[in-house]
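# Make a model of this:
(2 chains)
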Amino acid sequence: MRHKPNRTGKIGIIRWHKFLTLLWLNYISFTPCTLLLFFLPPFCHSEHTHILSDTIKPPLLPPSPAAVKLGQEGFKKVCRTEEDSPCPFPGLASGVLEMRVKEGSKIRNLMGFAMARMQGEKTGSAGGGTVSGLRQVVFTGSGRAVTKTITCAEIMKRKVGCLHQMTKLRYKVVKEVWESNQGAASEMTVHRTVPSISILLSKDPLDPQEPGYQPPEAFSSLWEDRGGIDPATQTTFKRPFGPLPYTSLPRCKKLCLEQGDSVLPPN
Amino acid sequence: MTEPRNPGMSAIPQNNPTQTETSAQAVEMDPVEYTLRKRLPRKLPKRRNDVYVNMKTDFRAQLARCQKLLEGGGHREICVHGLGLAINRAINIALQLQASSQGALQLAANTSTVELIDDLEPEDPDEAGEPMTRTRNNSAIHIKVFYPVPQ
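Presented below is the predicted three-dimensional model:
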């Protein structure tokens, strides 16, 4: 079998809730140690942002130990602004809908709005007619919102269909203002670089030569295309039969189930 | 830490048919009585220049591995793959590679959806509960990091 059970969710959930309760109680009682606990989580997962900051923009960014200490020393983040950066898609019309995905954005809100604009809706009060919908939409997100951004684009591709995609990655500089809550009104500004993604989905064809282009319904041909680009790797490491049964068969989950010993409820 | 957020993925509409089919059983099913086991994601091609990024291995180790492939391994291009939470790390690795190459490397990112399967196993084998499976989707990224061909 190709799979093995690797995690028990129930135990995980219970532990997580206990942890939250503990954290909450401690937070209320305000011991110095718990403040530390409370501020730690935001830093745990951004380890590479700090590593990156040292290499990319040395003059702007403080070394990572200082940034980690900010939370522990009673600083509070009061403001977070993303610096303006040029549009990653040159030559894009100005009226394109841009969806800025944030960490707390709800996918149903984003998709509800974007789908309505893309599919075109009846404008009853204004003209009485139907609008044919937008041709292009851009999803952008940075830091922890990157995953959500991709999910939004994937959902839209699946629902609308026949969309050409262009994906661009880059670093974005985020300015954070931290304020001391120890009485003295001291402020500290931190510049940090976070990875960001921009996905352009278009009903009209895009330039296939541009890196990051993905034609509609590309997943089955993804691997063959890759091999074809570099002849050296293709000849040495070509796997003509390996990926095909998995990538081209949409029904592979059923196949997996039949091979495994688990039971799917009858249809 | 990932456990509580994963049930949220089932909000994707493709999962709904499965859930409605099982709803007859789900009426008497108490979710607490089941253990959720996540299977490993489906196998994908593993060429010599494919790097699958995870969240368990140290970030610097994975970055060093990519650098070794590009510099010492003689590959003109590598593919960095990330699934779910590891998307961020995959992007970070790719952008790091590009930054440390002084612009010699280019990135071409593709996104996709990966179907994942969860097993629901009854805690108590004496109860009438039946083992079930549930399918959900997760997003993935595939970044090609390559030296552009001079034209």
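# What segments of chain B are helices?
Applying DSSP state H to chain B gives helices spanning B:16-26, B:59-71, B:86-100.
# So what does residue A:169 look like in phi/psi?
Backbone dihedrals for residue A:169, given as degrees, to the nearest 10, come out at phi -120, psi 150.
# Please verify my assumption that it contacts residue A:197.
Yes: the pair residue A:169 / residue A:197 is scored as a contact, 5.7 Å apart, by Cβ atoms under 8 Å. Heads up, the C-betas are built off the backbone N, CA and C, glycines and all.
# Give me the common contacts of these two.
Here residue A:169 and residue A:197 have B:91, B:109 as joint contacts, going by Cβ atoms under 8 Å, 6 or more residues apart in numbering or on different chains.
# who has more neighbours, these two?
Taking other Cβ atoms under 10 Å in any protein chain shown, residue A:169 and residue A:197 do not tie; residue A:197 has more neighbours (27 against 22).
# element containing whichever residue of the stretch 101-250 of chain A sits closest to chain B?
Closest residue of the stretch 101-250 of chain A to chain B, Cβ to the nearest Cβ: residue A:211 (3.7 Å). Using DSSP states H and E, residue A:211 falls within no helix or strand.
# highest average neighbour count across the helices of chain B?
helix B:86-100 (a mean of 23; mean count of other Cβ atoms under 10 Å in any protein chain shown).
# Could I get the average pLDDT for that helix?
Throughout helix B:86-100, pLDDT has a mean value of 92.
# Centre of the chain to it, how far?
16 Å (Cα atoms, centre = their mean, to the nearest Å).
# residues in contact with it?
A:48-49, A:52, A:55-56, A:143-144, A:146-147, A:150, A:169-171, A:195, A:197, B:51, B:53-55, B:59, B:62-63, B:66-67, B:70, B:80-82, B:105-107, B:109, B:139-141, B:143, B:145.
# and those residues, which are buried?
A:48-49, A:52, A:56, A:143-144, A:146-147, A:150, A:169-171, A:195, A:197, B:51, B:53, B:59, B:62-63, B:66-67, B:70, B:80-82, B:105, B:107, B:109, B:139-141, B:143, B:145 (16 or more other Cβ atoms under 10 Å in any protein chain shown).
# Tally up the residues packed near residue B:112, please.
Other residues near residue B:112 come to 20 when the count uses other Cβ under 10 Å.
# Of all the residues in the longest strand along chain B, which ones are buried?
Ranked by residue count and defined by DSSP state E, the top strand of chain B is strand B:106-122. Using 16+ other Cβ under 10 Å as the test for burial, strand B:106-122 gives B:107-122.
# Output the contacting helices and strands for it.
Identification of packing neighbours for strand B:106-122 by 3 or more Cβ pairs under 8 Å, 6 or more residues apart in numbering or on different chains; DSSP states H and E yields helix A:146-160, strand A:164-180, strand A:213-214, helix A:252-259, strand B:34-38, helix B:86-100, strand B:132-146.
# Please export the C-alpha coordinates of that strand as PDB.
What follows is strand B:106-122, C-alpha atoms only, in PDB (Å, rounded to 0.1, in the frame of the first residue of the first chain):
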ATOM      1  CA  GLN B 106      14.600  32.200 -12.900                       C
ATOM      2  CA  LEU B 107      11.500  30.900 -11.300                       C
ATOM      3  CA  ALA B 108       8.400  29.500 -13.000                       C
ATOM      4  CA  ALA B 109       5.700  28.600 -10.500                       C
ATOM      5  CA  ASN B 110       2.700  26.400 -11.200                       C
ATOM      6  CA  THR B 111      -0.200  25.600  -8.800                       C
ATOM      7  CA  SER B 112      -2.300  22.600  -8.500                       C
ATOM      8  CA  THR B 113      -4.900  20.800  -6.300                       C
ATOM      9  CA  VAL B 114      -4.000  17.500  -4.600                       C
ATOM     10  CA  GLU B 115      -6.600  15.200  -3.300                       C
ATOM     11  CA  LEU B 116      -6.000  13.800   0.100                       C
ATOM     12  CA  ILE B 117      -7.700  10.900   1.800                       C
ATOM     13  CA  ASP B 118      -8.500  10.600   5.500                       C
ATOM     14  CA  ASP B 119      -9.500   7.400   7.200                       C
ATOM     15  CA  LEU B 120     -12.100   7.500   9.900                       C
ATOM     16  CA  GLU B 121     -11.600   4.500  12.100                       C
ATOM     17  CA  PRO B 122     -14.000   3.700  14.900                       C
END
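# Compute the inter-axis angle for that strand and strand B:34-38.
Strand B:106-122 runs at 150 degrees relative to strand B:34-38, counting by axes from the mean of the first three to the mean of the last three Cα atoms, to 10 degrees.
# what lines up beside strand B:106-122 in the sheet?
strand B:34-38 (antiparallel), strand B:132-146 (antiparallel) (DSSP bridges).
# possible to save those strands as JSON lines with mean pLDDT and distance to residue B:96?
Formatted as JSON lines, the strands paired with strand B:106-122 follow (pLDDT from 0 to 100; distance: least, Cβ to Cβ, whole Å):
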{"stretch": "strand B:34-38", "mean pLDDT": "74", "distance to residue B:96": "29"}
{"stretch": "strand B:132-146", "mean pLDDT": "89", "distance to residue B:96": "10"}
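# contacting residues around the residue most central in space within chain B?
Geometric centre of chain B, nearest residue: residue B:83, 2.3 Å, by Cα atoms, centre = their mean. For residue B:83, the contact set (Cβ under 8 Å, 6+ apart) comprises B:41, B:114, B:138, B:139, B:140.
# Next one: it relative to residue B:141, how far apart?
Per Cβ to Cβ, to the nearest Å, residue B:83 is found 8 Å from residue B:141.
# what stretches of chain B score poorly on pLDDT?
Along chain B, the parts satisfying pLDDT under 70 run over B:1-32, B:42-44, B:125-129, B:151.
# try 50
B:1-27 (pLDDT under 50).
# so how many other residues sit close to the nearest residue to residue A:171 once chain neighbours are set aside?
Nearest non-adjacent residue to residue A:171, counting by Cβ to Cβ, 6 or more residues apart in numbering or on different chains: residue A:193, 4.5 Å away. By other Cβ under 10 Å, the residues close to residue A:193 number 23.
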